[in-house]
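*Asks:* Requesting a structural model of the entry that follows:
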Amino acid sequence: MLQKPFLQRVINERIIVVKAIVTGSAGRMGSRIINIINETDGIKLVGAAEKRGSKFIGKDSGDVAGIGKNGIIISDDIVETIKGCDVIIDFTSPASSVEYLYTAAEEKKAIVIGTTGFSDEQLKRINDLSKEVRCVLSPNMSVGVNVMFKAIKDIAKILGDEYDVEIIEAHHRMKKDAPSGTAMKIAEIIAASLNRDISKVGVYARKGAIGERKKDEIGIQTIRAGDIVGEHTVIFAGIGERLEITHRAQSRDNFAKGAVTAAMWIVGRPPGIYNMQDVLGC
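*Replies:* Numbering: from 1, shown residues only. Got it, this is the predicted structure:
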């Protein structure tokens, strides 16, 4: 068992176990999250959900996740499923995540969202609920990536405008959004550190006789291939030297562990939209 005493909530010397449900429970991330919950003290799986029409509806979530029967049957009724939970852990799609967020607000439940690819309108709808729901929203739940976020913020401030910035991200062939949410978060952090507007200076592809690179450009380039879990590299290139910061995810477990940590942290917090920097105290 993964011992996480610093995550356990103790009241009157009694351990309070956080009750969680996992949406998208039959997917790659959902299955890994169920595995990590199963190995972690202080949190318990009490429900599992999938989209309507899924072939996994009615199946045992433990069997689907590869840990053996756990008695938690996958349902497509999210309102009924969340009644006995403290927190929802959601890695699905932008439209589904927004729907689950509204349900969480209505039912007074906390929620952790690791979905990426939200439109500006969807992000506005999420932020509009900030006074009504307890939510950890992060494009990347990995501890290492969130340390990277903090490091690149400081590096960009120190190096300033004399260093060109390029971001390269690589993921598996089935990823549906590009650039990744993590790459965009990296770009936004660096742009803010350099007092730039990423919507004006972001460059997402180069081809043909495009002329010299503009000094304020921030390049964000995408690779999709095979089963790459996730790689992000930031290049700060000056004259005569360059600094590269790279994070490589070797399995989905680091994201799943971060999501479970966030789920245990968010329960009991005041309403608001939080991120993994808040969870980790960065």
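
*Asks:* in the protein, which spans are strands?
*Replies:* For the chain, the strands defined by DSSP state E occupy 9-11, 14-16, 18-23, 43-49, 74-75, 87-90, 110-113, 134-137, 164-171, 202-203, 218-224, 230-238, 241-249, 272-274.

*Asks:* Of all those strands, which one is nearest residue 123?
*Replies:* Between residue 123 and the strands of the chain, the tightest spacing by C-beta to C-beta is seen for strand 134-137, at 8.9 Å. (C-beta placed from N, C-alpha, C; glycine too.)

*Asks:* Quick check: neighbours of that closest one in the sheet, parallel or antiparallel?
*Replies:* Sheet pairing for strand 134-137, assigned by DSSP bridges, gives strand 110-113 (parallel), strand 272-274 (parallel).

*Asks:* what about the longest one, average pLDDT?
*Replies:* In this case it means strand 110-113. Strand 110-113 shows a mean pLDDT of 96.

*Asks:* what about it, distance to the chain center?
*Replies:* Centre-to-centre, strand 110-113 and its host chain are 10 Å apart (C-alpha atoms, centre = their mean, to the nearest Å).

*Asks:* neighbouring contacts of stretch 175-188?
*Replies:* With C-beta atoms under 8 Å, 6 or more residues apart in numbering as the contact definition, stretch 175-188 has outside contacts at 116-118, 139-140, 145, 148-149, 152, 167, 169, 171, 198, 202, 204, 218, 220-222, 224, 230, 232, 234.

*Asks:* Can I have the buried ones of those as a PyMOL selection?
*Replies:* To isolate the buried ones among the contacts of stretch 175-188 in PyMOL, judged by 16 or more other C-beta atoms under 10 Å, type:
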select buried, resi 116+117+118+139+140+145+148+149+152+167+169+171+198+202+218+220+221+222+230+232+234
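
*Asks:* ok, back up a step: for the strands paired with strand 134-137, which one ends up most surrounded?
*Replies:* strand 110-113 (a mean of 28; mean count of other C-beta atoms under 10 Å).

*Asks:* related to what we said a few turns ago, may I see the strands of the chain organised as TSV, with distance to residue 262 added?
*Replies:* Shown next, in TSV, are the strands of the chain (distance: least, C-beta to C-beta, whole Å):
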stretch	distance to residue 262
strand 9-11	14
strand 14-16	17
strand 18-23	11
strand 43-49	11
strand 74-75	22
strand 87-90	8
strand 110-113	5
strand 134-137	4
strand 164-171	21
strand 202-203	28
strand 218-224	25
strand 230-238	17
strand 241-249	17
strand 272-274	8
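
*Asks:* Show me what the lengthiest helix in the chain is packed up against.
*Replies:* Among the elements of the chain assigned as helix by DSSP state H, the one spanning the most residues is helix 143-159. Applying 3 or more C-beta pairs under 8 Å, 6 or more residues apart in numbering; DSSP states H and E, one finds that helix 143-159 makes contact with helix 181-193, strand 230-238, strand 241-249, helix 253-266, helix 276-280.

*Asks:* Cheers, nothing more for now.
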